[in-house]
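Q: sequence? don't have it. structure:
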């Protein structure tokens with residue numbers, strides 16, 4: 001049985017990442033990239049599907065853990081009847097290979113320990129060929145090889161590698177696990193203690209570049225570190241999460257692969273990076289987006305692989321039972337083939353905000369924008385699958401139309417403030433036509449709120465974006481009515497659900513938890529409306545949901561008091577950063593996005 005989602009911590013090397021439980025078990029590690037086959041998949045199966053456990057042999061009385069300040073170096077202390085032991089975990093950013101280091105230190109007394117290593121490639125399906133090496137062991141299967149390096153004596157038990165050892169006060173034992181292509185010779189092992197020092201120094205130097213000085217700085221810094229860990233350094237792409245198929249409903253079928261880069265997250269992410277002073281990362285993210293969307297605008301996808309890959313074919317892995325039996329386990333994501341109007345607005349908004357943030361606008365990028373706008377002129381009035389990627393029929397989703405408005409609005413603004421050229425008069429007319437249609441078709445007078453799609457009465461938290469993107473001002477009665485309706489109709493124990501569940505609309509059975517990003521959006525709207533105390537209380541409630549090392553998943557199950565959804569979730573952490581900035585008494589900030597256009 002895997003741990004609760006909130007009992008995991010993240011370590012990463014800006015190429016891939018691992019999840020480590022409070023117990024000391026590495027239950028998830030994808031190699032050599034985020035979306036490649038896992039060599040530890042106990043998170044979605046059983047321990048026999050691959051894990052790496054280092055833990056005291058005796059009963060554990062108490063466990064505490066923390067990240068070293070401003071780093072992704074994890075320290076876990078276990079108190080036992082025999083004494084106290086500390087396990088240090090890290091992944092150094094990065095040579096050609098991927099390395100995971102684990103050092104066991106004796107803090108007090110003399111503590112017996114056990115290591116259990118079960119390597120299973122290809123999502124737990126392949127038991128590798130294992131042989132001893134001069135420094136430990138080597139495991140090979142197909143294209144992958146892992147090298148375990150340690151001075152601790154090893155032996156085999158039931159297709160696993162086991163070690164039993166004792167650490168006393170002041171003593172330590174080190175382990176390193178290195179991936180490399182099986183056709184190449186293994187690289188020389190790194191010194192584990194040097195690797196920990198290097199990793200700590202690397203992250204602290206990166207964190208020192210942060211310029212954020214608002215409230216809740218510790219929470220913002222941890223979220224920024226998490227975003228950096230979810231970045232694929234060679235391309236600048238940022239994945240939505242490190243995992244696949246962690247359920248949106250425990251025991252349910254809403255299990256999706258989030259190890260991809262979502263276009264809808266683009267502008268939020270750019271804000272977060274620019275607001276904190278990380279212009280190089282923001283530029284790399286902008287450049288990733290431009291490369292990914294290059295081609296015919298009609299073929300623009302809602303998500304891409306970390307290098308801009310388009311073919312994300314969804315398959316089900318039948319040999320993994322899923323997290324707490326939530327099945328199926330999915331690899332790839334069929335939603336990549338959906339038509340979602342909102343992504344066109346997100347692309348145009350990101351490029352506009354990048355230019356406002358000081359990232360120069362090349363002529364080639366403007367040509368990409370013009371091509372997108374030309375396509376959108378004839379496509380904005382078509383039905384789509386919407387921001388939440390429902391697997392039901394296409395509809396005229398209100399949020400999608402709002403973001404189509406954003407696309408033309410940002411194009412107009414870009415031309416008016418620069419020397420770029422474009423048919424501003426036509427774009428202004430389209431902007432006007434879209435706003436008029438949305439206000440006529442997307443607003444439900446009986447609910448005094450904008451609703452999920454034209455003609456419906458269903459609430460949808462995505463409509464909180466209406467004042468945040470500047471579609472209508474916060475003073476508009478329809479906007480205030482929407483905020484109130486969401487607060488009444490979608491609130492679950494102080495947290496906001498994405499929408500009112502309806503299997504006919506969604507094409508999926510079951511229900512999901514509260515969506516954390518939407519709750520941050522509501523706090524933003526409350527602050528914008530001058531309800532600062534309510535907004536800060538809501539934000540503090542969200543901060544309380546973080547686990548002991550400051551991480552958030554996608555959703556929260558209020559009935560069981562548990563995190564659900566993929567983890568850690570970039571969208572949740574991006575929203576935390578933005579809301580902290582919005583609620584802090586600092587000049588400047590992201591208000592530019594919220595300025596309603598005058599037509």
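A: Thanks, I have it. For clarity, every value in this text was computed on a predicted model and none was experimentally measured.

Q: domains in the chain, by residue range?
A: Taking automatic domain parsing as the reference, the chain has its domains at 5-206, 209-594.

Q: may I see these organised as TSV, with mean pLDDT added?
A: Shown next, in TSV, are these (pLDDT from 0 to 100):
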stretch	mean pLDDT
domain 5-206	95
domain 209-594	92
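
Q: next, format those as a markdown table and append mean neighbour count.
A: No exception for glycine: its C-beta is placed from N, CA and C like everyone else's. Below are the domains of the chain laid out as a markdown table (neighbours: other C-beta atoms under 10 Å):
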| stretch | mean neighbour count |
| --- | --- |
| domain 5-206 | 19 |
| domain 209-594 | 20 |
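
Q: contacting residues for residue 100?
A: By C-beta atoms under 8 Å, 6 or more residues apart in numbering, the contact list for residue 100 reads 11, 18, 26, 29, 52, 89-91, 176-178.

Q: go again with 6 Å.
A: By C-beta atoms under 6 Å, 6 or more residues apart in numbering, the contact list for residue 100 reads 18, 91, 177.

Q: do I have it right that the first one meets residue 9?
A: What that stands for is residue 18. No. At 9.3 Å, residue 18 does not count as touching residue 9 under the criterion of C-beta atoms under 6 Å.

Q: what sits against the closest residue to residue 247 other than its chain neighbours?
A: Excluding the flanking residues, the one nearest residue 247 by C-beta to C-beta, 6 or more residues apart in numbering is residue 326, at 3.6 Å. In this structure, residue 326 makes contact with 247, 251-252, 255, judged by C-beta under 6 Å, 6+ apart.

Q: repeat the analysis, applying 10 Å as the threshold.
A: Residue 326 sits next to 44, 245-255, 564 when contact means C-beta atoms under 10 Å, 6 or more residues apart in numbering.

Q: ok, residue 447 next?
A: Residues near residue 447 by C-beta under 10 Å, 6+ apart: 456-459, 481-482, 484-485, 488-489.

Q: can you rerun that using 6 Å?
A: So residue 447 contacts 457, 485 (C-beta under 6 Å, 6+ apart).

Q: if I look at it, how far off is residue 471?
A: 18 Å (C-beta to C-beta, to the nearest Å).

Q: and residue 328, by the same measure?
A: Using C-beta to C-beta, residue 328 is found at 38 Å from residue 471.

Q: same thing with residue 267?
A: Between residue 267 and residue 471 the distance, using C-beta to C-beta, works out to 14 Å.

Q: the longest strand along the chain: partners in the sheet, and parallel or antiparallel?
A: Looking across the chain with DSSP state E, the single longest strand is strand 98-118. Sheet pairing of strand 98-118 (DSSP bridges) gives strand 51-56 (antiparallel), strand 83-90 (antiparallel), strand 161-168 (antiparallel), strand 172-181 (antiparallel).

Q: my guess is residue 76 contacts residue 89, does it?
A: No. Using C-beta under 6 Å, residue 76 makes no contact with residue 89, being 7.4 Å away.

Q: what are the contacting residues of the longest helix seen in the chain?
A: In the chain, with assignment by DSSP state H, the single longest helix is helix 398-417. By C-beta under 6 Å, 6+ apart, the list of residues contacting helix 398-417 from outside reads 341-342, 344-345, 348-349, 352, 373, 376, 380, 384, 386-387, 420, 422, 424, 427-428, 430-431, 434-435, 438, 442, 450, 462, 469, 471, 597.

Q: just how off-centre is that helix within its chain?
A: Averaged C-alpha coordinates place helix 398-417 at 26 Å from its chain's average position (C-alpha atoms, centre = their mean, to the nearest Å).

Q: and if you look at stretch 481-489?
A: Centroid displacement of stretch 481-489 relative to its chain, using C-alpha atoms, centre = their mean, is 27 Å.

Q: and stretch 235-251, how far apart are its ends?
A: End-to-end distance of stretch 235-251 (C-alpha to C-alpha, to the nearest Å): 35 Å.

Q: nope, stretch 13-28 is what I was after
A: 14 Å.

Q: quick one: contacts of that stretch?
A: Residues from elsewhere that reach stretch 13-28 (C-beta under 6 Å, 6+ apart): 2-3, 7-11, 29-30, 33-34, 40, 42-43, 51-55, 63, 87, 89, 91, 93-94, 98, 100, 229, 231, 233, 242.

Q: among the residues you listed, which are located in helices?
A: Mapping these onto helices (DSSP H) picks out residue 229.

Q: from the contacts of residue 100, which is closest to residue 560?
A: Distance ranking of the contacts of residue 100 against residue 560, using C-beta to C-beta, places residue 18 first at 25.7 Å.

Q: that's a strand at that closest one, yeah?
A: Yes. Assignment of residue 18 by DSSP: H, G, I helix; E, B strand; the rest coil places it within a strand.

Q: now it: closest residue in space, sequence neighbours ignored.
A: Nearest one to residue 18, counting by C-beta to C-beta, 6+ apart, is residue 29 at 4.2 Å.

Q: go ahead and confirm the one you found touches residue 40.
A: Yes. Counting by C-beta under 6 Å, residue 40 is a contact partner of residue 29 at 4.4 Å.

Q: related to what we said a few turns ago, looking at the contacts of residue 326, which is nearest residue 359?
A: Taking C-beta to C-beta as the measure, residue 359 sits nearest to residue 246 out of the contacts of residue 326, at 33.7 Å.

Q: what distance do you get for the closest one to residue 550?
A: Distance of residue 246 to residue 550, computed by C-beta to C-beta: 18 Å.

Q: what do you get for residue 426?
A: Taking C-beta to C-beta as the measure, residue 426 falls 48 Å from residue 550.

Q: try residue 486
A: For residue 486 relative to residue 550 (C-beta to C-beta), the value is 27 Å.

Q: go on, residue 28?
A: To residue 550, residue 28 is 19 Å away according to C-beta to C-beta.

Q: please apply the same query to residue 147.
A: Counting by C-beta to C-beta - residue 147 and residue 550 are separated by 32 Å.

Q: try residue 544
A: Residue 544 is 12 Å from residue 550, where distance means C-beta to C-beta.

Q: and the strands in the stretch 101-250 of the chain?
A: Secondary structure of the stretch 101-250 of the chain, counting by DSSP state E, counting those that start in this stretch: strands at 129-133, 136-141, 144-150, 155-156, 161-168, 172-181, 231-232, 237-238.

Q: strands paired with the second one, and their directions?
A: Looking at strand 136-141 with DSSP bridges, its paired strands and their directions are strand 129-133 (antiparallel), strand 144-150 (antiparallel).

Q: for the fourth one, same thing?
A: Sheet partners assigned to strand 155-156 using DSSP bridges are listed as strand 161-168 (antiparallel).
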